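> model the following, please.
(chains A, B, C and D)
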2 protein chains.
Amino acid sequence: MERPDAPPDVVIRRLPLYARSLRYLLEEGVHSVSSQELGERINVTAAQIRKDLSYFGEFGKQGIGYDVEKLLNHIDHILGLTHHWPLVVVGVGSLGQAIARYDGFQTQGLRIVGLFDSDPDKIGQMVDDLTIMDYSRLHAVISEHQARLAVIAVPATRAQEVADMLIEAGIRAILNYAPIILQTPDDVWVRYIDPVAVMHSLTYYLAREQGGAEVKRR
Amino acid sequence: MERPDAPPDVVIRRLPLYARSLRYLLEEGVHSVSSQELGERINVTAAQIRKDLSYFGEFGKQGIGYDVEKLLNHIDHILGLTHHWPLVVVGVGSLGQAIARYDGFQTQGLRIVGLFDSDPDKIGQMVDDLTIMDYSRLHAVISEHQARLAVIAVPATRAQEVADMLIEAGIRAILNYAPIILQTPDDVWVRYIDPVAVMHSLTYYLAREQGGAEVKRR
DNA sequence: GGGATTTTGTGAATTATAGCACAAGGTTTC
DNA sequence: GAAACCTTGTGCTATAATTCACAAAATCCC
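Numbers count the residues shown, from 1 in each chain, chains lettered A, B, ... in the order given. Have a look, this model is predicted:
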């Protein structure tokens, strides 16, 4: 009875796409956009955009559409992107380095406050302006910055123990690049990025193609 | 009427996870597994696993479960992973390099046959045993290897034109890391990996938490 | 060998998600 | 200022995905 109708997670996962598209529109100098136009840009139906937004309020004007800047501000508020979220990255192989170097991670509401690795040779090295630290410093850094977000970019064999450490240290949401499903308490959010699995789902369709009539989409 | 009941895409996207878990089980020397046990490993219900597999045949034994090796072979066959898929990567920044260096890409049914970038300074450089090539060679390389899979790891501003080139050259499935939705013909498959968007969907839940009773999962 | 136990495969029921379609409200045009 | 036109927000309907629950095998154990 507290929350009569919490927005489903599918909706939450689409909001960042709306926000991004609105940012591009803003850069292009577009001031107003209809659900139709926005939908065409991101391959989503107009009705779905309107339905999604309706979970959070009424942001549009009939006959006009949405004010790009206002809607973007609303979505940023909904997503909690009005301030920066401190974040730690564990595993500084080539993937971890790519993450640490990626602009989009450092801007857009996220701020990497710690880079960790278990390899003694890497400890002390710098990636841009961040020093790679030993796991022994995990707890201190996470506490100090009140970080609740983490990225795991270690090999699959190490991912579960790293996750356990992170959660112990106060992390509440994890983006896991290791190809393994993590076992975590119910109050910890985990999302996965698994390019090989994605590729394998694509080979399924390619294997079946060979010049037949297609169905597809999504 | 040709295909009375094609398996939905959600099912196809889960198959690689089943396959991976089975590979781990095989390494551990486990010969037989029930849908229950498999499900617990990857946080999927037993019923869902059985339903998913039933789209493709009957692979289990009542009272026993599944033979790990046999089921793995079946799934690999379904996904077309009985041979290697040639693949090109466009964009050799730190992300593109991480992809090129990542073992899981080079093994597991995928083989990178071309690395491309538009930066003249990078052309000719090597990443492991692969030479970075100019876009002018895209068509030739894709034709030569009959590649139908590609990874896009260029900046968002360049992604659409790269996609157009790739499709023109014969690519039929794209994994896009650029933070932009691609416009492509209906017979081209596109999947997205967008870590910042994922992070932003997590901040939503963290922003709402602050010591209240949780609901979550998924 | 037969009773207890396990586990599959699958129709049926349930739940979740997406799309339709339209009243309501706002704008534009002349 | 009124007719024509847009576009939102949403109740309702349709479709999709998941879970339930159980008959039908297969095994195990005395």
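> surely A:Ile112 is within a strand?
Yes: counting by DSSP: H, G, I helix; E, B strand; the rest coil, A:Ile112 is part of a strand.
> give me the number of residues near it?
If you count neighbours by other C-beta atoms under 10 Å in any protein chain shown, A:Ile112 ends up with 22. The C-beta positions use only the backbone N, C-alpha and C, and glycine is treated the same way.
> for it, which non-adjacent residue is spatially closest?
Distances taken as C-beta to C-beta, 6 or more residues apart in numbering or on different chains place A:Leu87 nearest to A:Ile112, at 5.3 Å, with adjacent residues excluded.
> equivalent analysis for A:Thr203, please.
B:Gly80 (4.4 Å).
> so what pLDDT did the one you found get?
Note for B:Gly80: predicted pLDDT of 97.
> that one touches A:Met199, doesn't it?
No: if you go by C-beta atoms under 8 Å, B:Gly80 and A:Met199 don't touch, sitting 10.8 Å apart.
> overlap in contacts of these two?
Common neighbours of B:Gly80 and A:Met199 (criterion: C-beta atoms under 8 Å, 6 or more residues apart in numbering or on different chains): B:Gly109.
> comparing the two, which residue is more hemmed in?
Between B:Gly80 and A:Met199, A:Met199 has the larger neighbour count (other C-beta under 10 Å), namely 24 against 18.
> right, and that one touches B:Leu149 too?
Yes: under the criterion of C-beta under 8 Å, A:Met199 makes contact with B:Leu149 at 6.8 Å.
> from A:Gly91, how far off is the closest residue to A:Pro155 other than its chain neighbours?
Excluding its sequence neighbours, the residue lying closest to A:Pro155 (C-beta to C-beta, 6+ apart) is A:Ala178, at 6.6 Å. According to C-beta to C-beta, to the nearest Å, A:Ala178 and A:Gly91 sit 8 Å apart.
> tell me, what's touching those two both at once?
A:152-155, A:158.
> if any of these are buried, put those into a PyMOL selection.
Buried members of the shared contacts of A:Ala178 and A:Gly91, defined by 16 or more other C-beta atoms under 10 Å in any protein chain shown, are picked up in PyMOL with:
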select buried, chain A and resi 152+153+154
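> for chain A, what spans make up the strands?
For chain A, applying DSSP state E gives strands covering A:32-33, A:60-61, A:65-67, A:85-90, A:110-116, A:126-127, A:130-133, A:149-152, A:173-176, A:189-192.
> and of the ones you listed, who's closest to DNA strand C?
DNA strand C sits nearest to strand A:60-61 of all the strands of chain A, at 5.6 Å, using C-beta to the nearest atom of the strand.
> touching the closest one from outside, list them.
By C-beta under 8 Å, 6+ apart, strand A:60-61 touches A:35, A:50, A:53, A:66-67, A:71.
> can you map out the helices along chain A?
Shown for chain A, the helices assigned by DSSP state H span residues A:9-27, A:35-42, A:46-54, A:68-79, A:94-101, A:103-106, A:138-145, A:156-168, A:195-209.
> A:Leu15 against A:His77, yeah?
No: using C-beta under 8 Å, A:Leu15 is not in contact with A:His77; the gap is 10.8 Å.
> returning to what we had before: report the beta-bridge partner residues of the residue nearest to A:Ile112.
A:Ile112, A:Leu149 (DSSP bridges).
> report the contact partners of it.
A:105, A:110-113, A:147, A:149-151, B:199.
> and with 7 Å instead?
A:110-113, A:147, A:149-151 (C-beta atoms under 7 Å, 6 or more residues apart in numbering or on different chains).
> want to try TSV for these, with pLDDT as columns?
Output for these, formatted as TSV (pLDDT from 0 to 100):
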residue	pLDDT
A:Leu110	97
A:Arg111	96
A:Ile112	97
A:Val113	97
A:Ala147	98
A:Leu149	98
A:Ala150	98
A:Val151	98
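> quick check: A:Glu209 vs B:Trp189, distance?
Following C-beta to C-beta, the distance that separates A:Glu209 from B:Trp189 is 9 Å.
> who's more crowded, these two?
Using other C-beta under 10 Å as the criterion, A:Glu209 and B:Trp189 rank with B:Trp189 on top: 24 against 16.
> quick one: that one and B:Asn176, what's the gap?
11 Å.
> nearest residue to the most centrally placed residue in chain A other than its sequence neighbours?
Centroid check for chain A by C-alpha atoms, centre = their mean gives A:Leu175 as the closest residue, at 7.4 Å. Distances taken as C-beta to C-beta, 6+ apart put A:Val151 closest to A:Leu175, at 4.8 Å, once the chain neighbours are dropped.
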